[in-house]
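Novice: The sequence and its predicted three-dimensional model are supplied below.
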Amino acid sequence: MENTSNMTFTEEEILRSLEALGPQMQIFLIVLYSMTALIALGGNATVIIVLLMGKRSSRELRIFLINLAVSDVCMALFSIPFTYTDFMLGRWIFHPSFCPFVQFMQHVSVIASVYTLTAIGLDRYYAIMYPLNLRWTKSRGPLIMTIIWGSAFGLSSFQLIHGRAEKFVLGGQEFYDCTEVWDEVEGKVYTASVFVVTFVLPMIILTFAYSSIGWKMWRHTSPGNADASRDQQQLMAKLKIVKMMFTVVILFAVCWLPIHIFNLLIYFHRDLVMPETDSEFTDFTAAFFTCHWISMANSFANPIIYCFMSENFRTDLKQLLFCCCAIHPRTMGRRMKNNSDHSSFRTTTLVLSSCSVKQTTGIPLRSLHVDMFPTK
């Protein structure tokens with residue numbers, strides 16, 4: 001603005017100069033991020049309902065999967081709708097005091113989600129490597145969740161201090177930019193610490209846990225006489241499980257590594273990343289939104305990986321959907337006329353209760369059974 005300080009700009013021209021993208025790309029991003037948030041919110045809300053009301057899903061993993069879904073719901077509500085708009089519009093359009101809270105909740109969601117995944121990996125590791133021992137996650141699940149959320153709030157509290165909406169003036173108008181205010185050294189240390197705590201350390205633990213599980217499953221043979229058909233079926237099941245384990249680790253890495261690398265480059269090699277020309281700015285914008293959206297997409301990928309690919313979860317989901325469809329408004333009206341002594345709430349409760357009765361098959365569980373993975 002130094003060369004144009006004496007020029008007069010309209011409000012539309014000022015706003016357009018701040019925006020990183022044109023109207024068409026803005027509409028595309030709004031639709032993309034809105035769909036991402038809605039799918040994440042709907043998918044994880046469905047997970048919570050099914051896990052709370054279903055009977056077949058693993059009771060041992062239920063608290064972890066619910067916690068994972070809750071953290072992703074927080075991401076969908078408090079992070080996805082707000083974090084991209086500041087960069088897209090070049091200004092913070094919400095209340096200034098809301099800026100540090102959004103940054104705080106984003107870090108809380110990421111840390112809670114990552115370490116819930118880590119707790120699930122450790123739970124599966126002890127269940128398969130030491131099937132006869134009492135697992136620490138079985139009786140201490142609520143304590144582990146408390147520690148995870150407490151750590152997430154504690155580590156994310158830096159955002160409440162250093163995250164703020166900075167005021168700037170352009171064309172005689174005041175705007176705000178939601179950013180983190182650090183000294184150069186402090187910013188580098190914090191960025192590197194976030195990378196280690198939320199990516200490197202969980203990746204090491206998950207890689208070790210799932211690799212050990214895969215090796216154990218690969219070497220395991222069924223007792224009794226050899227049976228080519230049976231052994232082939234078990235081998236295929238093992239391959240599916242190993243593939244799922246590596247998918248879990250790879251998906252986590254693919255979703256979060258790009259945005260971590262992007263942030264590290266900004267703090268440690270700023271000259272290589274920050275644009276100087278219009279074409280470079282276009283590339284910078286495209287790189288940022290690609291990395292950012294992929295990280296946000298992990299919030300709706302988790303229900304697919306950990307729940308929707310579980311046969312028991314699908315059974316519970318179908319059963320609950322059947323119960324909901326069975327409560328048709330006309331059927332409810334006839335039932336209320338024929339049974340005037342029952343209220344609609346009581347009738348609904350009876351129908352839901354009758355549909356959620358646990359079905360026992362009499363088949364014993366195997367010591368190497370992993371409920372969250374498909375076995376056929």
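Specialist: Good, I have the coordinates.

Novice: List the residues that contact the spatially most central residue of the chain.
Specialist: Geometric centre of the chain, nearest residue: Ser299, 2.7 Å, by CA atoms, centre = their mean. Residues in contact with Ser299, defined by CB atoms under 8 Å, 6 or more residues apart in numbering, are Thr36, Ala40, Asn44, Asp72, Met75, Ala76, Ile80, Ser109, Ser113. For the C-beta atoms, the positions are set from N, CA and C on the backbone; glycine is no exception.

Novice: how about 7 Å then?
Specialist: Ser299 is in contact with Ala40, Asp72, Met75, Ala76, counting by CB atoms under 7 Å, 6 or more residues apart in numbering.

Novice: Those residues in helices, which ones?
Specialist: Ala40, Asp72, Met75, Ala76 (DSSP state H).

Novice: Of these, just say which sits nearest to Leu51.
Specialist: Checking the ones in helices among the contacts of Ser299 against Leu51 by CB to CB gives Asp72 as the nearest, at 13.2 Å.

Novice: Which of the helices or strands spans the closest residue to the closest one other than its chain neighbours?
Specialist: Counting by CB to CB, 6 or more residues apart in numbering, the nearest residue to Asp72 once its immediate chain neighbours are dropped is Ser299, at 4.1 Å. Per DSSP states H and E, Ser299 falls inside helix 278-303.

Novice: in that helix, what counts as buried?
Specialist: 284-285, 288-289, 291-303 (16 or more other CB atoms under 10 Å).

Novice: can you check stretch 28-44 too?
Specialist: With burial defined by 16+ other CB under 10 Å, the residues of stretch 28-44 counted as buried are Leu29, Tyr33, Thr36, Ala37, Ile39, Ala40, Leu41, Gly43, Asn44.

Novice: okay, and the helix or strand of this structure with the least pLDDT?
Specialist: In the chain, no helix or strand scores lower on mean pLDDT, DSSP states H and E than helix 344-355, which sits at a mean of 33.

Novice: quick one: the helices in the stretch 1-150 of the chain?
Specialist: Taking DSSP state H, counting those that start in this stretch, the helices of the stretch 1-150 of the chain run over residues 11-18, 23-53, 59-78, 80-89, 98-129, 136-139, 141-162.

Novice: which one of those lies closest to Leu265?
Specialist: So among the helices of the stretch 1-150 of the chain, helix 80-89 is nearest, using CB to CB, at 15.8 Å.

Novice: pLDDT on stretch 19-29, on average?
Specialist: In this model, stretch 19-29 carries a mean pLDDT of 82.

Novice: For that stretch, give me every contacting residue.
Specialist: By CB under 7 Å, 6+ apart, stretch 19-29 touches Tyr84, Phe87, Met88, Leu89, Gly90, Thr285, Phe289.

Novice: And the residue nearest to the centre of the chain, how far from Cys74?
Specialist: Separation of Ser299 from Cys74 (CB to CB, to the nearest Å) stands at 9 Å.

Novice: swap in Ser151?
Specialist: Per CB to CB, Ser151 is found 15 Å from Cys74.

Novice: Any regions of this protein where pLDDT drops low?
Specialist: Counting by pLDDT under 70, the chain has low-confidence residues at 1-9, 11, 56-60, 133-139, 220-232, 234-246, 306-311, 326-376.

Novice: What residues are recorded as beta-bridge partners of Glu166?
Specialist: Counting by DSSP bridges, Glu166 is bridged to Asp177.

Novice: As TSV, the contacts of stretch 19-29 with distance to Asp271 would be great.
Specialist: Below are those laid out as TSV (distance: CB to CB, whole Å):
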residue	distance to Asp271
Tyr84	25
Phe87	20
Met88	24
Leu89	26
Gly90	22
Thr285	18
Phe289	22
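
Novice: and stretch 71-88, which residues are buried?
Specialist: Buried, per 16+ other CB under 10 Å, within stretch 71-88: 71-76, 78-88.

Novice: Show me how far stretch 102-114 is from its chain's centre.
Specialist: The chain centroid and the centroid of stretch 102-114 are separated by 10 Å under CA atoms, centre = their mean, to the nearest Å.

Novice: Only C-alpha atoms, please: export that stretch in PDB.
Specialist: The C-alpha trace of stretch 102-114 is given here as PDB (Å, rounded to 0.1, in the frame of the first residue of the first chain):
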ATOM      1  CA  VAL A 102     -10.700 -22.300  17.600                       C
ATOM      2  CA  GLN A 103      -7.000 -22.900  17.600                       C
ATOM      3  CA  PHE A 104      -7.200 -24.400  21.100                       C
ATOM      4  CA  MET A 105     -10.000 -26.900  20.100                       C
ATOM      5  CA  GLN A 106      -8.200 -27.900  16.900                       C
ATOM      6  CA  HIS A 107      -5.100 -28.900  18.900                       C
ATOM      7  CA  VAL A 108      -7.300 -30.600  21.500                       C
ATOM      8  CA  SER A 109      -9.100 -32.600  18.900                       C
ATOM      9  CA  VAL A 110      -5.900 -33.700  17.100                       C
ATOM     10  CA  ILE A 111      -4.100 -34.800  20.300                       C
ATOM     11  CA  ALA A 112      -7.200 -36.600  21.700                       C
ATOM     12  CA  SER A 113      -7.800 -38.400  18.400                       C
ATOM     13  CA  VAL A 114      -4.100 -39.400  17.900                       C
END
